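In: I need the structure of the sequence given here:
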Amino acid sequence: MYYVGAGLVPARNNTGWGKPIPYIFCVNRSWIFFANDNMEIKIIQTQKALSPTQIQLADYVINPYRGCEFGCLYCYSQENKNIKNMDFFNSLCVKINIADVLRQQLQYTRPKRVLLGSTTECFQYQEAKYGLTRQMLEILNAENIPYTILTKSHLIKKDLSIIAKNRENKIYFTLNFASDDIIKLFENNSSLLKMRLETIEEILKNKIQLRIHIGPFMPYVSILKKIIKLIPSGTREIDIELYHKKMGNFKKISALVEEKFGKETKDMFCEVYRNKETYADFTKKLTNEIAEIEKNNPAKFFCILPDFNEFYNKGMDYNEKTVF
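Out: From the prediction side, this is the model:
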């Protein structure tokens, strides 16, 4: 049973704290989540559901939505050619016919594995209304096609029983900050820490393949040891993906780092990305830190380090363990 209501909540925008904004909320059992009522929702028709991908996690991707309600300041999807002309933080397109299109594509395309959520959060707040992601999961399950889900949303919890039906399915769950204050700073409307940790526990209970994704790992902001301590026991895979300045909004992010943590931290953060040499120095320190943590942790660690000059390259392999 769902209960709905409305009210006002203080909100941070891209320039600082703004006036309170209206919100709608829904309580589903123990969960309370908020959806920005100022978000412009556009219902659109899509011509394809499956798209080929170079990301090594799968050979095809599905993104049921265009845009995202979570408002992550660093999101690289802002540079996506299909999203650049949108008001990224205040607009969301719902691909209302995507289930029918997927069924049609599967008549002549047979993916080995599908990646859900490469450029959007599949379990954002409008999913509770439209259920597009759930439809994708059910269709792929019926076709016995395994999938990998990228998410940081506690709302995935309601679909864990569906995901668990195929033991080859896998969830990459993001846990890249150790406090709600930092989450609110860079991910304006995403799931808070307690919600994420409880969801990770549920994923483990359902015996679904899981990798904790510490990414983007932001130098001197994402404190690795603190994050590792939060991760529930039973987690067997952890990856750390270093933030890249070309992901998005480097100037705004560095300004927020100074505002929240001070000029010294901001200078250290920017120094990492000053040139190839400073970037290489930090990556060496990071891999050494991971190696020390791994000595006393039963999980298998992976480290994803983008090239200095480009965020993504074909050599980035999320499935190959980095040797420390």
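In: neighbours of S254, just the number please.
Out: Each residue near S254 was counted by other Cβ atoms under 10 Å, and the total is 17. Glycine gets a C-beta too; all of them are placed from N, C-alpha and C.
In: Give me the pLDDT for it.
Out: Here the pLDDT value assigned to S254 is 96.
In: Can you spell out which helices and strands pack onto the host helix or strand of it?
Out: Here S254, judged by DSSP states H and E, is contained in helix 250-261. Contact partners of helix 250-261 among helices and strands, from 3 or more Cβ pairs under 8 Å, 6 or more residues apart in numbering; DSSP states H and E: helix 180-186, helix 263-272.
In: could I have that helix exported to CSV, CA atoms only?
Out: Output in CSV follows, covering the C-alpha atoms of helix 250-261 (Å, rounded to 0.1, in the frame of the first residue of the first chain):
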residue,chain,number,x,y,z
PHE,A,250,34.7,20.1,-12.8
LYS,A,251,34.7,23.8,-12.0
LYS,A,252,31.4,23.6,-10.0
ILE,A,253,32.6,20.5,-8.2
SER,A,254,35.9,22.0,-7.2
ALA,A,255,34.1,25.1,-6.0
LEU,A,256,31.8,23.0,-3.8
VAL,A,257,34.8,21.1,-2.5
GLU,A,258,36.3,24.5,-1.4
GLU,A,259,32.9,25.6,0.1
LYS,A,260,32.5,22.4,2.1
PHE,A,261,36.0,21.3,2.9
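In: now the helices and strands packed on helix 250-261 in TSV, with distance to N288 and mean pLDDT?
Out: Formatted as TSV, these follow (distance: least, Cβ to Cβ, whole Å; pLDDT from 0 to 100):
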stretch	distance to N288	mean pLDDT
helix 180-186	24	95
helix 263-272	15	97
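In: Low-confidence ranges, the stretch 101-250 of the chain, go.
Out: By pLDDT under 70, the stretch 101-250 of the chain contains no weakly predicted segment.
In: all strands of it, in order?
Out: For the stretch 101-250 of the chain, the strands defined by DSSP state E, counting those that start in this stretch cover 114-116, 147-151, 170-174, 209-217, 237-242.
In: got the residue ranges for the helices in the stretch 101-250 of the chain?
Out: Per DSSP state H, counting those that start in this stretch, the stretch 101-250 of the chain has helices spanning 127-130, 132-142, 160-163, 180-186, 193-205, 224-230, 250-261. These are given in chain order.
In: mind giving me CSV with those and columns for distance to R103?
Out: CSV is the format used below for these (distance: least, Cβ to Cβ, whole Å):
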stretch, distance to R103
helix 127-130, 17
helix 132-142, 6
helix 160-163, 17
helix 180-186, 37
helix 193-205, 28
helix 224-230, 40
helix 250-261, 41
